[in-house]
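J.: sequence first, predicted model second:
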Amino acid sequence: MKIIIVGGVAGGATAAARLRRLSEEHEIIIFEKSNAVSFANCGLPYHIGTVIESRDKLLLHTVQSLKSRYNLDVRLLSEVIAINNVQKTVTIKDYQMLSVYTESYDKLLLSPGAEAVRPPLEGIQLSGIYTLRNLSDMDRIMNQCLNKQQFVIIGAGFIGLEIAENLKEIGKSVQIVELGNQALAPVDFDIASFIHQKAKQKEIIIHLGSGVSKFEKDGNHLKVFLANGLELNTEVVILAIGVKPDVILAQKAGLQISQNGGIKVNEFLQTSDPNIYAVGDAIELTHFIHQAKVLIPLAWSANRQARLVADNIHYGNKTKYEGAIGTSILKFFELSIASTGLNEKILKRNQISYRTIIVVKTQHASYFPGAKNILLKVLFDDKGRILGAQAVGKEGVDKRIDIMATAIKAQMNIVDLQAIEIAYAPPFNSAKDLVNIVGYASENILNKDFETINYDLLEDAMKSQDSCLLDVRTVSEYQNGHIPAAININVDTLRDFLPTLDKNKKYIVYCQVGQRAYLACKILRNNGFEAVSLNGGFFLWNTIFQQD
């Protein structure tokens, strides 16, 4: 079988290697329009920041290594510019030989990836404005920009934040412009608040809630005009607004394109032409949880799809792609921020009812040196189905999100998290992990033995004269900072004060992270009072509203 693959990197190169492992008989040709067939594009910002010192470390495979190890015919600087579906041929433009020629195929795999978004703004083509998507983009930034001092990053997503961190770490002045009201769209505002706080600590200004209206040249500098009237002066602008599927070739071939802008594929990753498959950032896929059609441009998804599509090309369509849940993680200075599944924004947009539990706990035993808090937020429905999870902390975040992602894919009930058996020793964990506690707490919520309230509902809840905000921390903790209007009764003395409390009121209870508030709620409820716990406690509330 003659198989032509358009595009390398995660999707194309992985599929090609799998196809060769399945058969020595296939004729496999990879056409890649850039000068690198397999590179770690997620590592690009870290080479700019010199964390990854050698550029060669980013090259996972070369033309020579793929030829010697897998007997693959890899042709760089070769762009497939047309597909003839009837004759089953592709037309290739060879930028090295300055020639155009055709190749036939039995099966065709499209892995063109995605391209950086460049909105049609006035001045967008000015010199000094860059994107970061491939090795050539990285080389331009390193060769032309690292002698500059002032940088403005447009977009506070994964790439924007990683570039900002790495530039700051090598001594640059960095500002970020983000159209949305928060950084990192896959997480909710409360989790993103930790990023906002960390950026402030690192003297990175994030301009939230305002997009760019235009760019202008000002001598050796650029002026960035924001829609809110601000003008930023800088030497370099890096666009990190996001990516869009590269579907030009597929469109020209008459393949179906989704409303999301991705190539439509079926459960076997087959396009509307049965002889053409597609994988990676260019395709629309089905979300595993709510079955919506989505774009998820992540490396894991591309690698998973690549293996399955190779099997389907070789064996015939027998392996279905189960969909993705968008598990992702970001390092931002000392913080790790991770998510999996659906967030609150998506749940609200799709009118999916949900409940929230937030647990704050150290990554290992609190008495062992180096203990640091992790905040784990889990969303679930009334039947206990896990809908999504997010976490933020300095260490151990990846471990908890990976457990949650596995639980979602295994379709575990949230109460089943109680039974996950963790490896415990003081340097690694507590005897009860955060994930276990999520299981216990959610069971209490589902059984209506415990009730929580989120930070965004607190203000409205406090407007009622029947509500009372109760801080159950120590006097010294309360005096060092508390939520306005809260009264202070230490949980250890709460039973003594019960005769002074009003059973006609609803008590909204908080402590530093939640454990004492839970105990206080149980005391109150067991004595005939109505009580709910503030999710995330003062720790989360202060991060969101104080930012200090």
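T.: The structure has been received and is ready for your questions. Residues are numbered from 1 along each chain as shown.

J.: in the sheet, who's paired with the spatially most central residue of the chain?
T.: What sits nearest the mean C-alpha location of the chain, by CA atoms, centre = their mean, is residue 328, with 4.1 Å. Under the criterion DSSP bridges, residue 328 forms beta bridges with residue 339.

J.: could I get the contacting residues of it?
T.: Contact analysis of residue 328 by CB atoms under 8 Å, 6 or more residues apart in numbering lists 158, 186, 298, 338-340. Placement of C-beta: from N, CA and C, glycine included.

J.: and it, how far from residue 401?
T.: 9 Å (CB to CB, to the nearest Å).

J.: now do residue 400 against residue 161, distance only.
T.: 20 Å.

J.: oh sorry, the question was meant for residue 513
T.: 25 Å.

J.: these two: which has the busier surroundings?
T.: residue 161 (29 against 19; other CB atoms under 10 Å).

J.: just give the nearest non-adjacent residue to that one, would you?
T.: residue 332 (5.4 Å; CB to CB, 6 or more residues apart in numbering).

J.: OK, contacts around residue 125?
T.: If you count contacts by CB under 8 Å, 6+ apart, then residue 125 has nothing around it.

J.: ok so, going back, so what sits opposite the residue nearest to residue 161 in the bridge?
T.: Bridge pairing for residue 332 - DSSP bridges - gives residue 335.

J.: so it sits against residue 198, correct?
T.: Yes - at 5.9 Å, residue 332 counts as touching residue 198 under the criterion of CB atoms under 8 Å.

J.: returning to what we had before: neighbour-wise, give me the winner out of the contacts of residue 328.
T.: Highest neighbour count within the contacts of residue 328, by other CB under 10 Å: residue 340, with 29 neighbours.

J.: correct me, but that residue touches residue 327?
T.: Yes - assessed by CB under 8 Å, residue 340 is found in contact with residue 327 at 4.1 Å.

J.: who touches both of the two?
T.: 401, 405.

J.: would you mind measuring from the residue nearest to the centre of the chain to residue 242?
T.: Counting by CB to CB, the gap from residue 328 to residue 242 is 14 Å.

J.: re the thing from before, and the residue nearest to residue 161, what does it touch?
T.: 161-162, 165, 195, 198-199.

J.: again, only this time at 10 Å
T.: 158, 161-162, 164-165, 183-184, 194-195, 198-199, 202, 204, 392 (CB atoms under 10 Å, 6 or more residues apart in numbering).

J.: likewise for residue 287?
T.: 293-294, 296, 323-326, 341-342, 346.

J.: may I ask which of those residues has the most neighbours?
T.: residue 341 (28 neighbours).

J.: and that residue, how far from residue 288?
T.: Residue 341 sits 8 Å away from residue 288, going by CB to CB.

J.: equivalent analysis for residue 524, please.
T.: For residue 524, the distance to residue 288 - CB to CB - is 40 Å.

J.: ok, residue 356 next?
T.: 20 Å.

J.: so residue 406 belongs to a helix, correct?
T.: Yes - counting by DSSP: H, G, I helix; E, B strand; the rest coil, residue 406 is found in a helix.

J.: just the pLDDT at it, thanks.
T.: For residue 406, the pLDDT comes out at 98.

J.: correct me, but it touches residue 420?
T.: Yes - in terms of CB atoms under 10 Å, residue 406 counts as a neighbour of residue 420; the distance is 9.2 Å.

J.: any common contacting residues for those two?
T.: Common neighbours of residue 406 and residue 420, counting by CB under 10 Å, 6+ apart, are residue 412.

J.: returning to that earlier point: mind putting the contacts of residue 328 into a markdown table with distance to residue 545 and pLDDT?
T.: Shown next, in a markdown table, are those (distance: CB to CB, whole Å; pLDDT from 0 to 100):
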| residue | distance to residue 545 | pLDDT |
| --- | --- | --- |
| 158 | 26 | 96 |
| 186 | 22 | 96 |
| 298 | 32 | 92 |
| 338 | 23 | 98 |
| 339 | 22 | 98 |
| 340 | 27 | 98 |
